[in-house]
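Chemist: task: produce atomic coordinates for the following.
(one chain, ligands or ions: 1)
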Amino acid sequence: MQHDAMRPAALPVGPPDGGALLAGADVAVLEGVRTVDGAVVDVEIAEGRVVAVADRGPRDLVAPESGSRAPAAERALAGEPALRLDASGWLVLPAACEPHAHLDKALTAARFPAGTGEDLVGAVAQWRELVPHIDGADVLDRARTAVGRYAARGITTIRTHVDAPADGDPLRLLDALLTLREELAGSVTLQVCLLGGSQTPTEVFAEAAARGVDALGGCPHLASDPRAEITRVLDVAERTGLPVDLHADERTALPDDGVLDVEELARQVIARGLTQRVTASHAVRLGSLPPERLAAVVGLVARAGLGVVTLPITNLYLQGRDATHLAPRGLTAVRALLDAGIPVAAGADNLRDPFNPAGSGDPFETTSLLMTAAHLSAREALDAVTAGARTVLGLPPAGLTVGHRADLVLVPDVPLGDVLAGGEHARVVLAAGRVVADTRVHRSLALGPASRQAIPQSARPSTRPAAPELSAPEQLVR
Ligand SMILES: [Zn+2]
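Modeler: I've put the predicted structure just below:
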């Protein structure tokens, strides 16, 4: 990397409480940014990829000056070339990947009466009551809002599952999300996976494939004959070559015949010699198996080359409701899968709907839960929402390695544990080298002794102030 003394100074990214001015800017260089290994580096980006990472040597924590403003977006909008940014005071991480969302259902929680919560079957029933009244425009509107939330939190890739309702056009929800995929092209990568049920005709799977769906899915644990349901989905996958992502074993109780969905799935993948990516989402029952039985299942999953997606927040919400004591956590056997070298992805699953009325769309909410409920280390948790998730989805790697896609997130330069615990909200998010979201946080505190210090007249609003924007926790209780 060249350090030309005659070159103008890099534009500062600015402080975490500064102006959020960078969205839309193309980035050529991030100067002086800290990595998770503690190094301070210059990162060069070209054509959407990281092309150089140069170590600058040790540097103390630097807090950027409050109030400095970078007119980067204005320059970008004026058609100027990609920017060199001074990112001192920021930590760079690979951008996150949400491997399992339901954008068709997202943000519908307020349409249901607030109750004490539902298990999986109860949530399915609630959703089936609502879905006849949902059209494509409704889906598109909520999905756009949800994607904005995910992107602002540092997610640049999302796989969404989408239902094929029995009432009306079964592909109206799918079509809306395919439209959104087009809208987002070049910024957030959206994969759409058809979530067919046992009532979904096979022709609907085939038509979804013809319309360009990215993967085929289903939920055999809810079918009367799980084996037949897996066979049906894999038949279409074999004909079309599409990847498969099944909701599998999303229950803690073991099936009556003792055969898990993931076992049947793995056996069929091996027998058919499928080469496309095949994923088991949830795989909750693995968490109920004793060690000897678990070892055999994990060995089979490894032989079949399956990836597994764990979804802590939603399965902590849905599972274990029948338990009178020692309630199960509802997670898959994350440690055993990692120990066996099986690719593991982690995500949030549902976002404010009957399956999960909580959630913020934040990958660091998922990392926090992975550390508490799956007992992963900070690095393992980070991997599950970044590189691990991309591997499971069959995507090329992203992050701070030469040749990788420049999907990066800048967070304030604090210890990694603070970030993964979800404590930092200022973020600058790059997808293929372009800033797709810039969030800064303004906060005022009055924690000292109470005083009656007058607010200067110049700082008073001239009219009644607008209602403050609600924070995520506040929205949850509304
Ligand atoms: Zn799901």
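Chemist: show me this structure divided up by domain.
Modeler: Per automatic domain parsing, the structural domains of the chain span 11-94+404-439, 96-392.
Chemist: where does this protein have low pLDDT?
Modeler: Across the chain, the stretches falling below the confidence threshold (pLDDT under 70) are 1-8, 57-80, 116, 451-478.
Chemist: report the central residue of it.
Modeler: Per CA atoms, centre = their mean, the C-alpha nearest to the average position across the chain is that of Glu98, at 2.1 Å.
Chemist: contacts for the strand or helix carrying that one?
Modeler: Taking DSSP states H and E as the definition, one finds Glu98 inside strand 96-101. By CB atoms under 8 Å, 6 or more residues apart in numbering, the list of residues contacting strand 96-101 from outside reads 146, 150, 153-161, 245, 279, 281, 309, 311, 345-351, 361, 363, 385-386, 389-390, 392-393, 395, 398, 409. In this view, the C-beta of every residue, glycine as well, is placed from N, C-alpha and C.
Chemist: same thing with stretch 347-361?
Modeler: The set of residues external to stretch 347-361 that reach it, using CB under 8 Å, 6+ apart, is 98-102, 105-110, 112, 114, 117-118, 120, 122-123, 126-127, 130, 146, 149-150, 153, 155, 309, 311, 313-315, 317-318, 362, 365-366, 385, 389, 472, 476.
Chemist: give me the buried entries from those residues.
Modeler: 98-102, 105-109, 112, 118, 120, 123, 126-127, 146, 149-150, 153, 155, 309, 311, 313-315, 317-318, 362, 365-366, 385, 389, 472 (16 or more other CB atoms under 10 Å).
Chemist: now, those residues that are in helices?
Modeler: Judged by DSSP state H, helices contain the following of the buried ones among the contacts of stretch 347-361: 120, 123, 126-127, 146, 149-150, 313-315, 317-318, 365-366, 385, 389, 472.
Chemist: which parts of the stretch 51-200 of the chain are strands?
Modeler: Using DSSP state E, counting those that start in this stretch, the strands of the stretch 51-200 of the chain run over 83-86, 90-94, 96-101, 155-163, 189-196.
Chemist: ok, the stretch 301-450 of the chain next?
Modeler: 307-310, 344-346, 408-412, 427-431, 434-439.
Chemist: most packed of the ones you listed?
Modeler: For the strands of the stretch 301-450 of the chain, ranked by mean neighbour count under the definition mean count of other CB atoms under 10 Å, the leader is strand 344-346 at a mean of 30.
Chemist: so what are the sheet partners of that strand and their directions?
Modeler: Within its sheet, strand 344-346 is paired with strand 307-310 (parallel), according to DSSP bridges.
Chemist: okay if I get the strands of the stretch 51-200 of the chain as CSV plus distance to Arg379?
Modeler: Formatted as CSV, the strands of the stretch 51-200 of the chain follow (distance: least, CB to CB, whole Å):
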stretch, distance to Arg379
strand 83-86, 26
strand 90-94, 11
strand 96-101, 14
strand 155-163, 19
strand 189-196, 24
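Chemist: Leu286 is nearest to which of these?
Modeler: For the strands of the stretch 51-200 of the chain, proximity to Leu286 was assessed by CB to CB; strand 96-101 is nearest, at 16.1 Å.
Chemist: restricting to C-alpha, output the closest one in CSV.
Modeler: Written as CSV, here are the backbone C-alpha positions of strand 96-101 (Å, rounded to 0.1, in the frame of the first residue of the first chain):
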residue,chain,number,x,y,z
ALA,A,96,-22.8,-10.6,9.8
CYS,A,97,-25.0,-13.0,7.9
GLU,A,98,-28.5,-13.9,9.1
PRO,A,99,-28.8,-17.5,7.9
HIS,A,100,-32.5,-18.0,8.8
ALA,A,101,-35.2,-15.2,8.7
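Chemist: so it versus strand 189-196, what angle?
Modeler: For strand 96-101 against strand 189-196, the angle between stretch directions is 20 degrees (axes from the mean of the first three to the mean of the last three CA atoms, to 10 degrees).
Chemist: now strand 96-101, how far from the centre of its chain.
Modeler: 3 Å (CA atoms, centre = their mean, to the nearest Å).
Chemist: report the separation between Gly305 and Ile230.
Modeler: According to CB to CB, to the nearest Å, Gly305 and Ile230 sit 16 Å apart.
Chemist: next one: Val147
Modeler: Distance, Val147 to Ile230, by CB to CB: 30 Å.
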